[in-house]
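Participant: sharing a sequence plus its predicted fold:
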Amino acid sequence: MKNTKLIAGVLAGVGVGALLGILFAPHSGAKTRQKIMDSGSEFKDNVKNKFGNFGNAVADKYEGMKNDMKDKANTAKQEVKNSYL
């Protein structure tokens, strides 16, 4: 019984909220949809840029670590050669 009352209350709240949203909407439907689409595009571009920057940072870090490891390996190789000469 409790669950049914809770579900009914939630559905009633959603219905009232939707009705009030439609009644008090500041713009027409077409204008509101365009604003939503513009916001979505802006959000998509921001996320795309942030992931691109993150990817570039990871690639740069990887290259730096790879170069450091090559340098260390070459130094160790040179030390081994020098110790046998």
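Facilitator: Here it is on my side, so go on. Numbers count the residues shown, from 1 in each chain.
Participant: from the chain's centroid, how far away is stretch 45-63?
Facilitator: Its chain's C-alpha centre and that of stretch 45-63 lie 11 Å apart, by CA atoms, centre = their mean, to the nearest Å.
Participant: and it, what's its mean pLDDT?
Facilitator: Mean per-residue pLDDT for stretch 45-63: 91.
Participant: so which residue is dead centre in this protein?
Facilitator: V47 (5.1 Å; CA atoms, centre = their mean).
Participant: what helix or strand does that residue sit in?
Facilitator: Using DSSP states H and E, the element containing V47 is helix 29-84.
Participant: ok, the residue nearest to the centre of the chain to G40 distance?
Facilitator: V47 sits 11 Å away from G40, taking CB to CB, to the nearest Å as the criterion. Every residue, glycine included, has its C-beta placed from N, CA and C.
Participant: how about K72?
Facilitator: For K72, the distance to G40 - CB to CB - is 48 Å.
Participant: next one: K81
Facilitator: 61 Å.
Participant: do the same with S28
Facilitator: 18 Å.
Participant: how far off helix 29-84 does the least confident helix or strand in the chain by mean pLDDT point, in degrees?
Facilitator: Here the helix or strand of the chain ranked lowest by mean pLDDT, DSSP states H and E is helix 2-23, holding a mean of 87. Put simply, helix 2-23 runs at 110 degrees to helix 29-84, going by axes from the mean of the first three to the mean of the last three CA atoms, to 10 degrees.
Participant: host element of A25?
Facilitator: Counting by DSSP H and E, A25 is found in no helix or strand.
Participant: what sits against it?
Facilitator: T32 (CB atoms under 8 Å, 6 or more residues apart in numbering).
Participant: what's the pLDDT at it?
Facilitator: So A25 comes in at 81 (pLDDT).
Participant: on that earlier part again, mind listing what's buried along the least confident helix or strand of the chain?
Facilitator: Neighbour counts over helix 2-23 (16 or more other CB atoms under 10 Å) mark no residue as buried.
Participant: so what's the gap between it and the chain middle?
Facilitator: 31 Å.
Participant: all further residue positions should be reported with the first residue as 32.
Facilitator: From this message on, residue numbering opens at 32, which makes the last subject helix 33-54.
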